[in-house]
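S.K.: Mind folding the following:
(2 chains)
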Protein chains: 2
Amino acid sequence: MTRASRSDLHREGLLDPPGSPELSHDGTGRVRLRFLPLERDVRVPPGVTVFDAASWNGIAIDSTCGGHGTCKKCRVRITSGSVPVSRLDARCFTAEELRDGWRLACMAAAVNDVSVEVPPLSTRPKAATVGVGRQVILRPAIQKRYVELSEPSLQDQRPDLDRVLDALDDLELRADLHALRRLPGVLRSADFKVTAVVVDDVLVDVEPGDTTARRFALAYDLGTTTVVATLLDTSTGTPAAVASMLNKQQPFGADVITRISATMLDPSALGRLRTLAQETLSALSAEVCAEAEVDPGEVYEVALAGNATMTALVLGIDPEPLGVAPFVMSTASWPAVKASDLGLSLHPAAPAVVFPALGAYVGGDIVAGMLASGMDRDKRLRLFIDVGTNCEIVLGDGERIIATAAPAGPAFEGGAIRCGMRAADGAIEVVKLSDDDVGVQVIGDVEPLGLCGSGLVDAVAELVRVGLLDSSGRLLSPEDAKEIAPGLADRFRTVGAERVFVLSWRGIEAAESVYLSQRDVRELQFAKAAIATGWTLLLEEFGIAPGEVQQVLLAGSFGSYLSPASAVRIGLVPKLSVLRIVSAGNVAGEGAKMALLSMQERAGAAALLREVRYLELSDRPDFNDRFVDMLAFPG
Amino acid sequence: MTRASRSDLHREGLLDPPGSPELSHDGTGRVRLRFLPLERDVRVPPGVTVFDAASWNGIAIDSTCGGHGTCKKCRVRITSGSVPVSRLDARCFTAEELRDGWRLACMAAAVNDVSVEVPPLSTRPKAATVGVGRQVILRPAIQKRYVELSEPSLQDQRPDLDRVLDALDDLELRADLHALRRLPGVLRSADFKVTAVVVDDVLVDVEPGDTTARRFALAYDLGTTTVVATLLDTSTGTPAAVASMLNKQQPFGADVITRISATMLDPSALGRLRTLAQETLSALSAEVCAEAEVDPGEVYEVALAGNATMTALVLGIDPEPLGVAPFVMSTASWPAVKASDLGLSLHPAAPAVVFPALGAYVGGDIVAGMLASGMDRDKRLRLFIDVGTNCEIVLGDGERIIATAAPAGPAFEGGAIRCGMRAADGAIEVVKLSDDDVGVQVIGDVEPLGLCGSGLVDAVAELVRVGLLDSSGRLLSPEDAKEIAPGLADRFRTVGAERVFVLSWRGIEAAESVYLSQRDVRELQFAKAAIATGWTLLLEEFGIAPGEVQQVLLAGSFGSYLSPASAVRIGLVPKLSVLRIVSAGNVAGEGAKMALLSMQERAGAAALLREVRYLELSDRPDFNDRFVDMLAFPG
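M.R.: Next up is the predicted model:
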């Protein structure tokens, strides 16, 4: 097979022009990917790679190099839409293959709608690509060993456990009671040919025959709003299935503070919140196991990343001290916990790795996120922002890491917004203004019902861009608006006494439409000012100007779907090229996966607790002044 | 206070004559002790000390020296009956005190019925006397520490757990999830003045205020027939309450083999046996806690000693391989087990120490018994015999220890004996023959209903003594009997075709009476021959003659109540002075207590596994010949 020459490719218009335009996009809107042969559709912000889009959605693509194009395993074929040929593609594929649409998924940034054919997994890899370009050597805690043992006799009365452990004498193991319960029956029913199931240093089971190929683990991102479960095949490092659902605690309130308040008002609320969280985890485990045709008893380990409150609640720990000053956790690191302590019916002896937390508002989800995005090892100056009701911000340069939390309030979740709603079917998630029209993308491609966080940010950013919202955050009067954008002036209305901008008509009255109100703009200003104050103070601690930041990672189920261009426009992130604003995906869940795939990475999460400095903002005398400075939109 | 001179005491007839006659007894019958002010009556074989009789029955007497008379703490007053003054008493008490009945309980061998006044516990001791004269320095796994912590602030946001652990920085602790669940609420409700509850290296709880005085543990002897629970106050090392009951597994059969068979015939039997064992443990824990007015949540640790089958069943482990050749255990040593794994509702995080086993038929009860009787450290040549359906035999000299198991069959439990019954109310437990009468002692002092093991041994031994049973085990004919003992000849009858000896008339027909049959004698011969074969082979391994044995410890709920004289007479033990045959009490339960009172002793139990050699009898070619040799009664 001869590789394509650069001139061949140029001639055919396949090769990208200089300047990494394979990443070129304007940082707005969404692209749609259809994965074949599964026929699974997913929608992501432009610039996300095909590999990441697949991985976040539980679609397994081989990869062992961390997404650097060196392993050449993540070969996919673009069957419709176009993905420019990267320099690395040119080295990996023949001209004919490139013409046929073959690309490396890790290099293939999706900048328009595409269909992607994913070949079946070929090899048993030694590494996997997880998180934000992290190559993880597969050293999971779960190990299986097939052994054929000699049978006992009056001359060899060794206890069953000794017989098994003697055959595994390179490991220092202790046995779980569950394994002992199974041992006598399984050994004898299987003629002493069994598979030992080991998790870390514990023999958790023996199974008849050779079951070494079946070893699964379950990674949870336990969010306040959304809970995501990824079933992992630890033998390949690839996802077997992914599912997400709303946290069943929702009836107790949208954010952690309302849930903490519930426990303070009603002694029975803690128990009920715990049960609801556990029911959420259980429903997801049932769903992913069914989808991947995995028996729950084949899931031998669980990892869970959640904020401090969610973690406390699911473990039945009183969260009150997290919710009131001085904001104290029960513990930073968790003791040995079993999956059954989380209400899960997986393997009865399965342990659960619960991510440690840095503080009451920089929880295990952020520690997992830092792990997944390599905040402790990437030498670039990087800013990590997990956008949500509580916004966690981390700044690192490979030498130092500093973290803080900013109280952004519920605007990003659609809370306290007149037409706000969660990012569910019917929510406007993308807004683009032209001279005389408002273009919207709606989740589920249905009639708009409301406005979710990314739509809110887009709407405000677009109004700022065209000058219909001034830098102080004031919506123009209908008269002033008519001068600037006559085609949009009709959308400037009042609902009650309040000035609004109609995004999508649902009748002739503005009150019936999906609109953005003056107060909504103020809410968003408060939210983004809190975040901007946070990263400004972190940058000051480092003595660095905002423009020097080399990469901004927008993380979390909301942040990952935020339009980078709009984030820059409203000043939520430093003013940088949109190409430096990277959608990092569900990094909490990715960190949980890494902990399951690699004992080293798991140790890395614990090490982060020692390496990261936590900056408490709530007692800083300069916080309020900075906050007020940050309310305006950048010029 | 002046001590009494020896001559004073001689004059008053208080001092014992030379030759340790304070231990003088003929090794038969029972003595009754009434403990005041509790008004608790107990009955023990003669020669048992007042201290041991109290301890076995949960009556606390101070003692820290191991029963050697040096601590002088075990002062009691004999208020009726007589106990000779020991040499040590003479050194500890004034003549007036001695006249008033004051004695050291550890030196006061009960040889006749006495009433004993026990003073309340005076001091907080550093050691306790447990087992067979074992002094145990109190170093229990359970520790409590009262701490007054600084309250958190924005300048000191240490997590609650760190705050507690920093105050206990001489300990290397990890926390149980239960402690974390309690931590936030307890710290704040108690103004950060709390008691940390530590078991071994685990923080299991925090309690409001100072609860350091309340720290209890529960020791179980899980027997096939009888289960004994001792609630221990680990702050003093003394029992707070003792209770015993029949193992609720009884309906599945009297011995381990029938219970193992049940699990082989019916897949649901294992679950039911487990539940029944756990219900037995739970009923006992409720009883001792109620009696001692201890909240179950104040019981922070449990120790359990049981044979290999009972231990497997209560933990839900298939016992089948224990019951069939080559007799294999699932494990010798147990993993970390919690009290809740035993079905107990004590402190939710209470661990359970489950005694390890040497073999399928030398179980955790025997390891505990060896610990309690100091088999690993006493320099004397000692033979330990736990008499029961399965009889465990251990020989040690402080250098070497060797153990074996002999299948004695059910005779000692009253099984396969025509009028046999368990040692319960109505059972003849003592038999003495005179020229023309049969004297019996009946448990509960009621009309005789049957014959328990010790009564069976007594009856046979007495018939041998007066010559009514020849050394081959044949009951004389009525005619021959009339010549030897005319006053007893009327008791030689036949029931069916079988020759019997009537022990107690219950009507005019022999068949209605409580009697000993020819076949009963044969059953006992088989049982004692199995045991004697066992210790004979052990002595041969050591190259030592039976007469050289310095002490025989009769252990277990049956063995401890066996008449030493009768045991010698039928050849169940080597032919030695009855003073060398010592009733060791419930040594399994005592060993369990030791493990709770001292981490060192607990480690000693694990060390025994390495030190003791196990001799398997079932595959010895010489076993059967030896067995036949041992059937006859000694001349």
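
S.K.: Not counting sequence-adjacent ones, nearest residue to the residue of the stretch 501-635 of chain A at minimum distance from chain B?
M.R.: Going by Cβ to the nearest Cβ, chain B is nearest to residue A:619 of the stretch 501-635 of chain A, at 4.4 Å. Just so you know, the C-beta spots here come from the backbone N, C-alpha and C atoms, and that holds for glycine as well. Excluding its sequence neighbours, the residue lying closest to residue A:619 (Cβ to Cβ, 6 or more residues apart in numbering or on different chains) is residue B:154, at 4.4 Å.

S.K.: cool, residue A:403 as well?
M.R.: Spatial nearest neighbour of residue A:403, chain neighbours left out: residue A:394 (4.5 Å); criterion: Cβ to Cβ, 6+ apart.

S.K.: Phi first, then psi, for the one residue in the stretch 351-500 of chain A that gets nearest to chain B.
M.R.: Closest contact between the stretch 351-500 of chain A and chain B, by Cβ to the nearest Cβ, is at residue A:359 (6.8 Å). Here is the backbone geometry of residue A:359 (degrees, to the nearest 10): phi -170, psi 180.

S.K.: so who does it touch?
M.R.: Counting by Cβ atoms under 8 Å, 6 or more residues apart in numbering or on different chains, residue A:359 touches A:308, A:327, A:329, A:403, A:405, A:614, A:616, B:157.

S.K.: out of those, who has the most neighbours?
M.R.: residue A:308 (31 neighbours; other Cβ atoms under 10 Å in any protein chain shown).

S.K.: With residue A:220 as the reference, measure out to the residue nearest to residue A:403.
M.R.: Using Cβ to Cβ, to the nearest Å, one obtains 21 Å as the distance from residue A:394 to residue A:220.

S.K.: quick one: residue A:197 and residue A:146 touch, right?
M.R.: No. Look at residue A:197 against residue A:146 with Cβ atoms under 8 Å: they stay out of range, at 10.7 Å.

S.K.: Assign residue A:28 to helix, strand or coil.
M.R.: What DSSP: H, G, I helix; E, B strand; the rest coil gives for residue A:28 is coil.

S.K.: ok so, going back, I'd like the contacts of residue A:359 written out as JSON lines, with secondary structure added.
M.R.: Listed next are these as JSON lines, based on three-state DSSP:
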{"residue": "A:308", "secondary structure": "helix"}
{"residue": "A:327", "secondary structure": "coil"}
{"residue": "A:329", "secondary structure": "coil"}
{"residue": "A:403", "secondary structure": "strand"}
{"residue": "A:405", "secondary structure": "strand"}
{"residue": "A:614", "secondary structure": "strand"}
{"residue": "A:616", "secondary structure": "coil"}
{"residue": "B:157", "secondary structure": "coil"}
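
S.K.: Go through those and name the one with the lowest pLDDT.
M.R.: Ranked by pLDDT, these bottom out at residue A:616 (86).

S.K.: Next, find the distance separating that one from residue A:369.
M.R.: To residue A:369, residue A:616 is 20 Å away according to Cβ to Cβ.

S.K.: what's the answer for residue A:447, then?
M.R.: Residue A:447 is 35 Å from residue A:369, where distance means Cβ to Cβ.

S.K.: which of the two has more neighbours?
M.R.: residue A:369 (34 against 11).

S.K.: Check the more buried one and give its pLDDT.
M.R.: For residue A:369, the predicted pLDDT is 96.

S.K.: got a pLDDT number for residue A:482?
M.R.: With respect to pLDDT, residue A:482 has a value of 92.

S.K.: Show the subsequent helix or strand relative to the helix or strand of chain A with the lowest mean pLDDT.
M.R.: For chain A, counting by mean pLDDT, DSSP states H and E, helix A:6-12 ranks last in confidence among helices and strands (a mean of 55). Downstream of helix A:6-12, the next assigned helix or strand under DSSP states H and E is strand A:31-36.

S.K.: Residues touching that next one, excluding its own?
M.R.: Against strand A:31-36 from outside (Cβ under 8 Å, 6+ apart): A:40-46, A:48, A:50, A:53-54, A:57, A:59, A:79-80, A:110-118.

S.K.: One more pass at 10 Å, please.
M.R.: Contact with strand A:31-36 is made by A:25, A:40-48, A:50, A:53-54, A:57, A:59, A:61, A:76-81, A:108-118, A:441, A:445, as judged by Cβ atoms under 10 Å, 6 or more residues apart in numbering or on different chains.

S.K.: how about it: buried residues?
M.R.: A:31, A:32, A:33, A:34, A:35 (16 or more other Cβ atoms under 10 Å in any protein chain shown).

S.K.: In space, what's closest to residue A:389 - neighbours in sequence excluded?
M.R.: residue A:255 (4.2 Å).

S.K.: Could I get the contacting residues of that neighbour?
M.R.: Contacts of residue A:255 (Cβ under 10 Å, 6+ apart): A:224, A:225, A:261, A:309, A:388, A:389, A:390, A:407, A:409, A:410, A:413, A:415.

S.K.: Out of the residues you listed, which two sit at the greatest distance?
M.R.: Largest separation among the contacts of residue A:255 by Cβ to Cβ: A:261 and A:388, giving 18.0 Å.

S.K.: More neighbours: which of those two?
M.R.: Taking neighbours as other Cβ under 10 Å, residue A:261 and residue A:388 compare with residue A:388 leading, 26 against 18.

S.K.: Distance of residue A:185 relative to residue B:264?
M.R.: Counting by Cβ to Cβ - residue A:185 and residue B:264 are separated by 11 Å.

S.K.: Next, show the common contact partners of these two.
M.R.: Counting by Cβ under 10 Å, 6+ apart, the residues touching both residue A:185 and residue B:264 are B:270, B:318, B:320.

S.K.: and chain A, which of the residues you listed contact it?
M.R.: Applying Cβ under 10 Å from any Cβ of the partner chain, the subset of the shared contacts of residue A:185 and residue B:264 adjacent to chain A comprises B:270, B:318, B:320.

S.K.: with those in mind, which one is nearest to chain A?
M.R.: Out of those, the member with the shortest distance to chain A (by Cβ to the nearest Cβ) is residue B:318, at 4.3 Å.

S.K.: isn't there a strand covering that closest one?
M.R.: No. Assessed with three-state DSSP, residue B:318 is coil; it does not lie in a strand.

S.K.: quick one, phi psi at it?
M.R.: According to degrees, to the nearest 10, residue B:318 has phi -60, psi 120.

S.K.: ok, now how distant is it from residue B:274?
M.R.: Distance from residue B:318 to residue B:274, by Cβ to Cβ: 11 Å.

S.K.: intersection of neighbour lists for the two?
M.R.: A:181, B:263, B:312.

S.K.: Give me the subset of these lying in helices.
M.R.: Of the positions in the shared contacts of residue B:318 and residue B:274, A:181, B:263, B:312 sit in helices, assigned by DSSP state H.

S.K.: Tell me the residues of the stretch 101-250 of chain A that contact chain B?
M.R.: Residues of the stretch 101-250 of chain A lying near chain B (Cβ under 10 Å from any Cβ): A:151-165, A:174-188, A:202-203.
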